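Colleague: One predicted model, sequence on top.
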Amino acid sequence: TTSESRSLTHQTLQTFPTIMPPRQDTANEDVLGFTTHLLGTLRLTRTKLDDYVAERKAEVDEAVEAHERQLREEQQGLDEKAIYLKELQERGRGSSAKGLVDRREELIKQKAAMEQEVEKLATQKETKKAEAEALKEEDDELKKRVRELAKLKRHMEESKNTTIDDLTKGLINYKFLGLDFEKAEGNRLKFTFTQLDAAAPDNGFSFVFDTNDEDLYVIHDCQPKLDMEVVEAMLEKLNEDDDVGTFVRGMRRAFSETL
């Protein structure tokens, strides 16, 4: 700038020694009042000043060029780093996106596996529920059967409470009518009827009376053989009402029908 040039000129002039021209006669002065010697000194000073300014300008130009070169290098370095950073960001975004896709697929597989497990558990639950219901029905049936057996047992125990006098009286009456009792093998009771065949009153008609593991009445060894449908029907009624007398009379009638 103009102020800097003036300052530089002032500093430059101060570096040179002050030259005092010798006094000249008035005859040596030009029309402007400057002597030839002063004009020569000014021209020399101007030449030195121009050389100094040119030298300084060259130094400044070189410094500016070096600074601009440094700026260009730094800018190039920054550009290269920006490109590298952008590449890293692009790779990072790609890797992150792939990671999200893989994670999503993994979660989908886990969800499908969990749904299959839930469906399996639901099927097992329904199966267990059906089994529980079946077991409950079976348990109810068993309880019903136990109640029936307990009732039958009570009836049988009540029938066993017949007094000795009643048994003796009945035995005498039965024998008079042609009925006899005797103990058979295995703690069973054998019934024998007589007085059925008028041609041979002493001929015997017998069967073995017993109970099974369920405390139900059964018969064995009918002599002579009887129609088993008739016998089974009388046994079914006996196991229902526990009326032994009616059953014995029915067996006597069945044997009579064989004659």
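Modeller: That came through, no problem. The structure displayed is predicted, hence computed values, not measured ones.
Colleague: What helix or strand is residue 251 located in?
Modeller: Element membership for residue 251 (DSSP states H and E) is helix 244-256.
Colleague: do residue 221 as well
Modeller: strand 217-223.
Colleague: ok so, going back, list the buried residues in the helix holding residue 251.
Modeller: Buried residues in helix 244-256, counted by 16 or more other CB atoms under 10 Å: 247, 248, 250, 251, 252, 254, 255. (Glycine included, C-beta is placed from N, CA and C.)
Colleague: Was I right to think the fourth one contacts residue 207?
Modeller: Yes - between residue 251 and residue 207 a contact is recorded at 6.3 Å, counting by CB atoms under 8 Å.
Colleague: any shared contact partners between the two?
Modeller: 191, 219, 226 (CB atoms under 8 Å, 6 or more residues apart in numbering).
Colleague: now those as JSON lines including pLDDT?
Modeller: Listed next are the shared contacts of residue 251 and residue 207 as JSON lines, based on pLDDT from 0 to 100:
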{"residue": "191", "pLDDT": "92"}
{"residue": "219", "pLDDT": "91"}
{"residue": "226", "pLDDT": "91"}
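Colleague: quick one: which of those is nearest residue 36?
Modeller: Of all the shared contacts of residue 251 and residue 207, residue 219 has the smallest distance to residue 36: 180.1 Å, by CB to CB.
Colleague: give me the beta-bridge partners of that closest one?
Modeller: Assessed by DSSP bridges, residue 219 has beta-bridge partners residue 209.
Colleague: How many residues are close by it?
Modeller: When counting by other CB atoms under 10 Å, one arrives at 20 neighbours for residue 219.
Colleague: Next up, the contacts around it.
Modeller: Residue 219 neighbours (CB under 8 Å, 6+ apart): 207, 208, 209, 210, 231, 235, 251.
Colleague: Kindly calculate the angle that the helix holding residue 251 makes with strand 217-223.
Modeller: Between helix 244-256 and strand 217-223, the angle comes out at 30 degrees (axes from the mean of the first three to the mean of the last three CA atoms, to 10 degrees).
Colleague: Determine how far helix 244-256 lies from the middle of the whole chain.
Modeller: 71 Å (CA atoms, centre = their mean, to the nearest Å).
Colleague: I'd like the C-alpha coordinates of it written as CSV, please.
Modeller: Listed next in CSV are the C-alpha coordinates belonging to helix 244-256 (Å, rounded to 0.1, in the frame of the first residue of the first chain):
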residue,chain,number,x,y,z
VAL,A,244,-81.4,-116.6,47.3
GLY,A,245,-84.7,-118.3,48.1
THR,A,246,-86.3,-117.3,44.8
PHE,A,247,-83.1,-118.4,42.9
VAL,A,248,-83.2,-121.8,44.5
ARG,A,249,-86.8,-122.3,43.6
GLY,A,250,-86.1,-121.2,40.1
MET,A,251,-83.2,-123.8,39.8
ARG,A,252,-85.6,-126.6,41.2
ARG,A,253,-88.1,-125.6,38.5
ALA,A,254,-85.5,-125.7,35.8
PHE,A,255,-84.4,-129.2,36.9
SER,A,256,-88.0,-130.3,36.9
